[in-house]
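**Student:** I would like to see how this sequence folds:
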Amino acid sequence: QVQLVESGGGLVQAGGSLRLSCAASGTIFSINSMGWYRQAPGKQRELVATITSGNRINYVDFVKGRFTVSRDGAKNTVYLQMNSLKPEDTALYYCNAELEQTRWSRRYTYWGQGTQVTVSS
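**Tutor:** Residues are numbered from 1 along each chain as shown. Reported below is the predicted structural model:
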């Protein structure tokens with residue numbers, strides 16, 4: 001089994017910062033990539049940022065220059081530093097991990113339960 005647990009969400013005023021963390025645990029052989037997605041009420045889940053095991057990073061345009069994704073491979077953890085937050089950043093933030101559980105496993109994507117980020121104006 002694999003578990004992804006997010007933390008670090010909360011309520012912050014516009015212009016403020018939050019740092020999200022997501023730790024993957026369980027039977028893990030190799031993580032290919034980890035990422036952050038978000039879903040606002042009434043909207044579809046959307047990509048925020050991803051980072052591969054080789055530290056190749058992808059950001060969606062609306063967070064470039066404000067959010068920074070990073071990872072600690074030894075801890076199977078991904079972080080999302082969010083600065084200059086806006087009310088429209090309010091959403092449930094999910095992390096995911098694309099990984100193999102054993103050397104012979106197929107690669108699957110696992111999701112966390114989400115952490116709420118609320119930005120007040």
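
**Student:** Now for residue 48, how many residues are close by?
**Tutor:** 24 (other Cβ atoms under 10 Å). Just so you know, the C-beta spots here come from the backbone N, C-alpha and C atoms, and that holds for glycine as well.

**Student:** Now do residue 79 against residue 41, distance only.
**Tutor:** Using Cβ to Cβ, to the nearest Å, residue 79 is found at 25 Å from residue 41.

**Student:** what helix or strand is the most centrally placed residue in the chain on?
**Tutor:** The chain has residue 36 as the residue nearest its centroid, 2.7 Å off, counting by Cα atoms, centre = their mean. For residue 36, the element it lies in under DSSP states H and E is strand 30-39.

**Student:** Likewise for residue 58?
**Tutor:** Using DSSP H and E, residue 58 sits within strand 57-59.

**Student:** What of residue 24?
**Tutor:** Assigned by DSSP H and E, residue 24 belongs to strand 18-26.

**Student:** Could you name the helices and strands sitting against that strand?
**Tutor:** Packing contacts for strand 18-26, counted by 3 or more Cβ pairs under 8 Å, 6 or more residues apart in numbering; DSSP states H and E, involve strand 2-7, strand 30-39, strand 77-82, strand 91-100, strand 115-120.

**Student:** Dump it to CSV, keeping only the CA atoms.
**Tutor:** Only the C-alpha atoms of strand 18-26 are listed here, as CSV (Å, rounded to 0.1, in the frame of the first residue of the first chain):
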residue,chain,number,x,y,z
LEU,A,18,2.0,29.0,2.8
ARG,A,19,4.2,26.0,2.4
LEU,A,20,2.5,22.6,1.6
SER,A,21,4.2,19.3,2.1
CYS,A,22,3.3,15.9,0.9
ALA,A,23,5.0,12.7,2.1
ALA,A,24,4.6,9.4,0.4
SER,A,25,5.0,6.2,2.5
GLY,A,26,4.5,2.5,2.2
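
**Student:** Cheers, nothing more for now.
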